[in-house]
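Novice: build me a model from this:
(4 chains)
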4 protein chains.
Amino acid sequence: MANATAAKRRAGNEIEFSRIGAFSDGVFAIAITLLVLNLNVPQHLHGESLGSALWAQRDDLFAYAISFAVIGRFWLIHHGFFGQVTGFDGRLIGLNLFYLAWIVLLPFSSRVLGDHGGAEAAVVLYAVNLTAVILAGRLMFDHARRAGLSTISAEEARDARLGALLVAGVFLVSIPVAFLNAQIAPYCWLALFLAPLAGRAVGVRRS
Amino acid sequence: MANATAAKRRAGNEIEFSRIGAFSDGVFAIAITLLVLNLNVPQHLHGESLGSALWAQRDDLFAYAISFAVIGRFWLIHHGFFGQVTGFDGRLIGLNLFYLAWIVLLPFSSRVLGDHGGAEAAVVLYAVNLTAVILAGRLMFDHARRAGLSTISAEEARDARLGALLVAGVFLVSIPVAFLNAQIAPYCWLALFLAPLAGRAVGVRRS
Amino acid sequence: MANATAAKRRAGNEIEFSRIGAFSDGVFAIAITLLVLNLNVPQHLHGESLGSALWAQRDDLFAYAISFAVIGRFWLIHHGFFGQVTGFDGRLIGLNLFYLAWIVLLPFSSRVLGDHGGAEAAVVLYAVNLTAVILAGRLMFDHARRAGLSTISAEEARDARLGALLVAGVFLVSIPVAFLNAQIAPYCWLALFLAPLAGRAVGVRRS
Amino acid sequence: MANATAAKRRAGNEIEFSRIGAFSDGVFAIAITLLVLNLNVPQHLHGESLGSALWAQRDDLFAYAISFAVIGRFWLIHHGFFGQVTGFDGRLIGLNLFYLAWIVLLPFSSRVLGDHGGAEAAVVLYAVNLTAVILAGRLMFDHARRAGLSTISAEEARDARLGALLVAGVFLVSIPVAFLNAQIAPYCWLALFLAPLAGRAVGVRRS
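Specialist: Next up is the predicted model:
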């Protein structure tokens, strides 16, 4: 309580809390929607049919699906975190912007991956981007807890950390796989689609 | 009621309900606005006038109008659905993201249609994308009702389903037409513009 | 009052009012921001300096400034209108989407104008787009008043109409000018920048 | 007080205050996210590896980081200002749109800088754009105070001005540096990243 009051006071003439969340939501919504611009519309068909030209872009569509799931998942984690925050200081706002800067980079990394799925550098760039998101999120979460700006319980903090590590783990494992066979590495990431099901199983057991 | 309470409890440290709606609204607003990027600005006029170069893009403008009406209609349906939802669980959030992933794909399908209006593959891609939106919406609606997360009455559920089927029907009919004559198929979709008038007629009779 | 209640009832299971405004705001914000994508970054400098390459784009910057002022002005008018609306029916929502479809087209018309400022077709396209916005706005405003969905007074309605006609007038005058000299026509539009000053003078007199 | 009431009255049938903030937030969120479109995805690798092609774009990534920090900082300043505003008149709304027009231009200036980092014109354009943002912000802030539309105290106004001048100072210093060595000039801007730390130090001393 004293902490929350201190945070409020510290906030002083700073910006309203709910608006930071709304701004972050806007950035997430735009970043996830810009993914569609990564899909190239076939322009010059040199004898091939449009159908086969579209089929040739299945890597792009795969990168689109993966990145949509990834950004959507980070949005959920970020949103859940903000639901527990009771105040903010300048450093937390700065760390949130730092976090969003890595989120906004994801459509770029996703496009490189879609256009150069067979190159190690594309897989590594994507994995590095995601690790940076998770690291920035850790910095933000941990600062909020240390500064007494969060009501998050130890159990909930562990759950959030587990969710983040799940995504990070899948991607870190894919980096050595990329150097063995860059074509196969991204398919490791399909494991991410199983995560919601896993989360649901946990939810059922909990209630 | 017990179900709704369970859902609330299950939601626990999850994200605030209204924010899911705001995020979805943002994605819809961006997707519908990105449609304008599908219109190519004539750059190099090889002897022809700008007026005729613009006129040559009437297919793009037609795809723009159709897609604006389609995304606008889905937004209305989605929004009406969220007005009836009383709670949420992880699966509903996941299904909502799955639904939005297909919505965000629409500007891409729309651009393919505008650039290759005469190809069967373009018409089929567009119709498949729309069918996927409707199917994902069905999954989301039905899960909300089965999990007791929605106050939607049987009558209202039927209305929503009818609206979705109306759009789906128009597009499914256009697929065989596309294989007969791909140029004509998209003109079937003009029927969509009559739907609001139909809806209004229903409204008048109801009140 | 009876009208407003009827409207509420008619709205029934439709979507929440404030969300239509938020969605419209989002579309306006995105459309106005997409204007920046119309500015071409010089890529290949064939001997010329970057400074002169940027200076060669002053038409694009001019179109950017005009369109930012135009969309900003329409946002103000639209927003003021929504502040007076007490309810909505399906037709008003449909007319709002129709209105937004013309707003979203403005970045396209603006780009054509920036890239082909010297062509009559570019000036005519822009003027036609604006006239369509104003016409769609008229349809929307008039329906709201006729259906008893608006508390707008006769005086306020006249003010809103005057504001719209001011913009429309400037553009309609520029069409014949365009056929005399398309280079000069867009400079007529600078008159729009005087409008806020005019509006302020009116405000001072009123208070 | 009398002033604030006058402002409220003058506002009359104008638009709701909170919506101006939401619209501005949306514009900021989109402008900051569009920065990612400035990063070029290597398309045709002429013998070089993807990794070295990505490394060749480190100037683009540098411009992305700088611009993200700059727009984020302006968003904070703008947001803090709106938290102090008690009313608005047509001129304040117009000045806000004028301010946003310069914010939306930043992704363009940022792209020119990323693609032509070694040219004086690119550095000057960027610095001019930022100076324009700061000047427009000054006009807006000062009008709000003179019109009695702001509760901002003299001390807080000084803090806001200092923050703006800090950014302006860093950029103005970089213009003469650009004419000595355009490659080095942007590195002056790294000083901006130290600003949040400075702000935090101030915060600690204050509480």
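Novice: as a quick check, tell me the outermost residue of chain A.
Specialist: residue A:47 (39.9 Å; C-alpha atoms, centre = their mean).
Novice: I'd guess that residue is in a helix, am I close?
Specialist: No: going by DSSP: H, G, I helix; E, B strand; the rest coil, the assignment for residue A:47 is coil, not a helix.
Novice: for chain A, give me the ranges with low pLDDT.
Specialist: A:1-17, A:192-207 (pLDDT under 70).
Novice: point me to the residue of it nearest chain B.
Specialist: Residue of chain A nearest chain B, by C-beta to the nearest C-beta: residue A:29 (3.3 Å). Where you see a C-beta, it was placed from the backbone N, CA and C, and this is true even at glycine.
Novice: neighbours around that residue, how many?
Specialist: 29 (other C-beta atoms under 10 Å in any protein chain shown).
Novice: look up how far residue D:30 lies from the closest residue to it other than its chain neighbours.
Specialist: Excluding the flanking residues, the one nearest residue A:29 by C-beta to C-beta, 6 or more residues apart in numbering or on different chains is residue B:26, at 3.3 Å. To residue D:30, residue B:26 is 10 Å away according to C-beta to C-beta, to the nearest Å.
Novice: repeat that for residue A:58.
Specialist: Taking C-beta to C-beta as the measure, residue A:58 falls 30 Å from residue D:30.
Novice: okay, those two: which has more neighbours?
Specialist: residue D:30 (27 against 11).
Novice: next up, phi/psi of the more buried one, please.
Specialist: The phi/psi pair for residue D:30 (degrees, to the nearest 10) reads phi -70, psi -40.
Novice: so who does it touch?
Specialist: A:26, A:30, C:29, C:30, C:33, C:34 (C-beta atoms under 8 Å, 6 or more residues apart in numbering or on different chains).
Novice: so can I have JSON lines of those residues showing distance to residue A:75?
Specialist: Shown next, in JSON lines, are the contacts of residue D:30 (distance: C-beta to C-beta, whole Å):
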{"residue": "A:26", "distance to residue A:75": "11"}
{"residue": "A:30", "distance to residue A:75": "12"}
{"residue": "C:29", "distance to residue A:75": "19"}
{"residue": "C:30", "distance to residue A:75": "18"}
{"residue": "C:33", "distance to residue A:75": "21"}
{"residue": "C:34", "distance to residue A:75": "23"}
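Novice: now, which of these sits nearest residue D:98?
Specialist: Residue D:98 lies nearest to residue C:33 out of the contacts of residue D:30, by C-beta to C-beta, at 15.0 Å.
Novice: I figured that closest one hits residue D:106, correct?
Specialist: No: between residue C:33 and residue D:106 there is no contact under C-beta atoms under 8 Å: 10.7 Å.
Novice: next, show the common contact partners of those two.
Specialist: Common contacts of residue C:33 and residue D:106 (C-beta under 8 Å, 6+ apart): residue D:31.
Novice: and the residue of chain A nearest chain D?
Specialist: Closest residue of chain A to chain D, C-beta to the nearest C-beta: residue A:26 (3.4 Å).
Novice: ok, residue A:188 to residue A:173 distance?
Specialist: Applying C-beta to C-beta to residue A:188 and residue A:173 gives a distance of 6 Å.
Novice: actually residue A:57, sorry about that
Specialist: Distance, residue A:57 to residue A:173, using C-beta to C-beta: 27 Å.
Novice: which ones are touching residue A:53?
Specialist: Counted by C-beta under 8 Å, 6+ apart, residue A:53 has contacts A:42, A:45.
Novice: that one in helix, strand or coil?
Specialist: helix.
Novice: with residue A:105 instead?
Specialist: helix.
Novice: how many other residues sit next to it?
Specialist: By other C-beta under 10 Å, the residues close to residue A:105 number 23.
Novice: backbone dihedrals for residue A:88, please?
Specialist: Dihedral angles for residue A:88 - degrees, to the nearest 10 - are phi -160, psi 160.
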